[in-house]
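J.: predicted coordinates and the sequence they were generated for:
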Amino acid sequence: MALAVYRRRPSNARSRSNSNDVVMQKSSKPRTMYDCVIVDDRDSETRPSPRSGHRIVANDGYMYCFGGYNPANPHRFGLFPELWRLCLATNKWEHMPNENCPEETASHSMILLGSNLFVWGGTGFPFGERCSNTLNCYHLGMQKWHQVPAGGAIPSARYGQSMTFKDGQLYVIGGTTGYNYSMMVHAMNLETLVWEDPQANRGTYPEWDHYTPEPRYRHEIATSGNLIYVLGGGTAQTVFNFEEIPAFNVQTNRWTVLTSRPCPVTGTYPPPRKFHAAVQHKDFVYLCGGFSGQFAMFDDIWRLSLADLQWQKLTQRLPRPIYFHSAAVTPEGCMFVFGGVISEKGDCRSNETFKIWLNVPTLQELVWDSITTKYHKVLAKHDQDDRDQLTRLGLRLPPKFFGRLNAKNSGIYK
């Protein structure tokens, strides 16, 4: 893969106690599409405020950002009960209709399934005292929030948990009440809307076989086969490593711990961390950023193969060290990173968007990426409902790319 745009000193984590530590020198190497770059339209006045503790998801045309927190925000105790949408072709943000929006908007979980955004858990103010265990859904076509009625063994209210969708079930793992940490697993069947505690149904095993990973929050998860893998995370006092990876088997409802393999080039693993972000694309997990718990922030990017649990440290880095950010990946394999804390003391937050391709795109996607990189402002200024107008500009777009300019043209939100 290509080298990053900036040269940095060769260390895994960067202390920001010395202002010289964060100076980034431009490389003489030309920028390529495989570098991690900032893609914001800095001229736009309509964009989310800097924040952390939010979540983002993405499809092929849009990135959605919900919630977050910033103590500099004078309203709602620093919380952001709001949903934003970024058009990936024009870099233009749009504030979405927000009636009946959930109020617990820090360290919640969010997942996109078709035209539905599902949000579960999170904390409001007072932090750790007001938590949610409600599943909320935002329909992208109707642009409305509603609570999903649920029954069964409903998980206790919490925040900092991870959520994934597998075999028709929403799985929620770990998290904290603000006082106690957990690694409990709960699953909701999206057809019956009934929650279950899978571990209560795992049968009779010897006491020594009842392994459960150490409780944690702000970890990330990935899935492959029958397994859900848990990556990193921590508590107020601890952070967990990536050499040993806890995995939950959805068939046996039992935990196991797996040993990963270090990067074959560096001979190392990702340093232990929490407040990082990760995405899964095909059989690979990409992990970026995070916090060591000891005033060390990360800007590194690592790849984990789920086939053999082999780690690889990528040459690319995030444009700056960051934690409490969020990441999402498009179906085509382009990862976006938004927001987060950019100071060790936690007093400065970002509203920048980073972008990096995780694989070689198709020729069509390659051309589309070039068009949107060079002409996103042109696309943003013209009527995206008028294909003839775009054609007169010399942009003869196939239907699938025309749909990415305007969600209602795509046909997927009906």
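T.: Looks like it came in fine. From a predicted model like this one, the values you see are computed outputs, not experimental measurements.
J.: so what pLDDT did Asp40 get?
T.: Asp40 is assigned a predicted lDDT (pLDDT) of 79.
J.: should've said Gly403
T.: Looking at Gly403, its pLDDT is 78.
J.: quick one, phi psi at it?
T.: Main-chain torsions, Gly403, degrees, to the nearest 10: phi -60, psi -30.
J.: could you measure from it over to Asp60?
T.: According to Cβ to Cβ, to the nearest Å, Gly403 and Asp60 sit 9 Å apart. Where C-beta positions appear, they are placed from N, C-alpha and C, glycine not excepted.
J.: with Ser350 instead?
T.: From Ser350 to Asp60 the distance is 25 Å (Cβ to Cβ).
J.: neighbour count winner among those two?
T.: Of the pair Ser350 and Asp60, Ser350 is the one with more neighbours under other Cβ atoms under 10 Å, namely 23 against 17.
J.: which strands or helices does the strand or helix carrying Arg303 pack on?
T.: If you go by DSSP states H and E, Arg303 is part of strand 297-305. Applying 3 or more Cβ pairs under 8 Å, 6 or more residues apart in numbering; DSSP states H and E, one finds that strand 297-305 makes contact with strand 13-14, strand 284-291, strand 310-317.
J.: ranking those by burial, who's on top?
T.: Comparing the helices and strands packed on strand 297-305 by mean neighbour count (mean count of other Cβ atoms under 10 Å), strand 284-291 comes out on top with a mean of 25.
J.: so how far is that strand from its chain's centroid?
T.: Chain-centre distance of strand 284-291: 10 Å, with Cα atoms, centre = their mean, to the nearest Å.
J.: let me see the ranges of the helices in the stretch 251-400 of the chain.
T.: 363-381, 387-392, 399-405 (DSSP state H, counting those that start in this stretch).
J.: any idea what the most centrally placed residue in the chain is bridged to?
T.: In the chain, the residue lying closest to the centroid (Cα atoms, centre = their mean) is Ala327, at 3.0 Å. For Ala327, the beta-bridge partners are Val337 (DSSP bridges).
J.: correct me, but it touches His54?
T.: No - using Cβ atoms under 8 Å, Ala327 makes no contact with His54, being 11.2 Å away.
J.: please name whichever of the helices and strands packed on strand 297-305 is nearest to Glu244.
T.: Shortest separation from Glu244 across these is recorded for strand 310-317, at 12.3 Å, computed as Cβ to Cβ.
J.: and that closest one, what does it pack onto?
T.: strand 297-305.
J.: can you list the weak-confidence ranges in the stretch 151-300 of the chain?
T.: Where the stretch 151-300 of the chain drops to pLDDT under 70, the residues are 201-209.
J.: how about the strands in it?
T.: Applying DSSP state E, counting those that start in this stretch to the stretch 151-300 of the chain gives strands spanning 151-152, 162-166, 169-176, 181-189, 194-196, 220-224, 227-231, 244-249, 254-259, 277-281, 284-291, 297-305.
J.: nearest to Ile342, out of these?
T.: Once these are compared by Cβ to Cβ, strand 297-305 is nearest, at 7.9 Å.
J.: list the buried residues for that closest one?
T.: For strand 297-305, the neighbour count (16 or more other Cβ atoms under 10 Å) marks 297-304 as buried.
J.: give me the angle between that strand and strand 220-224.
T.: Orientation check (axes from the mean of the first three to the mean of the last three Cα atoms, to 10 degrees): strand 297-305 against strand 220-224 gives 10 degrees.
J.: what touches both of Ala327 and His54?
T.: Phe338 (Cβ atoms under 8 Å, 6 or more residues apart in numbering).
J.: got the angle between the helix or strand where Leu117 lies and strand 169-176?
T.: Assigned by DSSP H and E, Leu117 belongs to strand 116-120. Orientation check (the same axes, to 10 degrees): strand 116-120 against strand 169-176 gives 30 degrees.
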